[in-house]
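Novice: Show me the folded form of this:
(chains A and B)
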Amino acid sequence: EAGVVQSPRYKIIEKKQPVAFWCNPISGHNTLYWYLQNLGQGPELLIRYENEEAVDDSQLPKDRFSAERLKGVDSTLKIQPAELGDSAVYLCASSLGVSGELFFGEGSRLTVL
Amino acid sequence: AQSVTQLGSHVSVSEGALVLLRCNYSSSVPPYLFWYVQYPNQGLQLLLKYTSAATLVKGINGFEAEFKKSETSFHLTKPSAHMSDAAEYFCAVSEGAQKLVFGQGTRLTINP
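Specialist: Residues are numbered from 1 along each chain as shown, chains lettered A, B, ... in the order given. Next up, the predicted model:
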């Protein structure tokens, strides 16, 4: 069974440029998460989807970040415009039901110059 | 609100020695507790989880953790370290389904 797939794995951009990350969760997983992981820190939740509905986006900086999960399957996280402080790893995860077990992708590492 | 504190951002042990990674949590209700491992340039992988059943939880790769309510702790142990255990380990707590709060992580180094 395929795991959570994220792309791109690495992205280098200049500040003020836009960037987008894509995530395809495990087939059948209705819950999808985007986490931000700064260097040397634990992941922090940005947004959680139940199917296509964003049920927790309280930590998403809405002035520059946006996310969507059309049709309740794959998802896109966008930053526009990017700032130097956005350099981090963006992790996508998915889960099935209320088991609490999250399955993570390998992450997208963003470097903003 | 729930929170997690991992004591020691770096832990170094010799191969074959006991591994002990410390985690204390704060939660207003009986928590779910997890340990995840992250190898370099990879995503997080679940090692084990506590969900109010047995207080001693066994996970993959020979790791186990014990839930101690009186100490609000969920320390991770392994009797004998292996070189392949070198990674970053994250403790996490959840008060409800699907909302995990992670600790800052502990980097485990294994010395030959």
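Novice: check contacts around the residue nearest to A:P81 when sequence neighbours are not counted.
Specialist: Distance criterion Cβ to Cβ, 6 or more residues apart in numbering or on different chains; nearest residue to A:P81, sequence neighbours excluded, is A:K16 at 4.2 Å. Heads up, the C-betas are built off the backbone N, CA and C, glycines and all. By Cβ atoms under 8 Å, 6 or more residues apart in numbering or on different chains, the contact list for A:K16 reads A:P81, A:A82, A:E83.
Novice: the strands in chain B, which residues?
Specialist: Assigned by DSSP state E, the strands in chain B fall at B:3-7, B:10-14, B:19-26, B:32-38, B:44-50, B:56-58, B:64-68, B:73-78, B:87-94, B:101-102, B:106-111.
Novice: right, so of those, which gets closest to A:E52?
Specialist: A:E52 lies closest to strand B:87-94 among the strands of chain B, at 23.1 Å (Cβ to Cβ).
Novice: So which elements touch that closest one?
Specialist: For strand B:87-94, the packing partners by 3 or more Cβ pairs under 8 Å, 6 or more residues apart in numbering or on different chains; DSSP states H and E come out as strand B:3-7, strand B:19-26, strand B:32-38, strand B:73-78, strand B:101-102, strand B:106-111.
Novice: Find the least confident helix or strand in chain A, judged by mean pLDDT.
Specialist: When the helices and strands of chain A are compared on mean pLDDT, DSSP states H and E, strand A:53-56 comes out lowest with a mean of 89.
Novice: following it, which helix or strand shows up next?
Specialist: strand A:65-68 (DSSP states H and E).
Novice: What strands flank that next one, and is each parallel or antiparallel?
Specialist: strand A:75-79 (antiparallel) (DSSP bridges).
Novice: for the partner strand, what is the average pLDDT?
Specialist: Here strand A:75-79 scores 97 as its mean pLDDT.
Novice: quick one: which of the contacts of A:K16 is most hemmed in?
Specialist: Top of the contacts of A:K16 by neighbour number is A:A82, holding 23 neighbours under the definition other Cβ atoms under 10 Å in any protein chain shown.
Novice: so where's chain A shaky on pLDDT?
Specialist: Residue ranges of chain A with pLDDT under 70: A:1, A:97-100.
Novice: Enumerate the residues of it near chain B.
Specialist: Within chain A, the positions near chain B by Cβ under 8 Å from any Cβ of the partner chain are A:4, A:31, A:40-45, A:48, A:56, A:91, A:93, A:95, A:98, A:100-107.
Novice: So which residue is dead centre in chain A?
Specialist: The centroid of chain A falls nearest to A:W34 when counting by Cα atoms, centre = their mean (3.2 Å).
Novice: scratch that, chain B
Specialist: Centroid-nearest residue in chain B: B:W35, 3.6 Å away (criterion: Cα atoms, centre = their mean).
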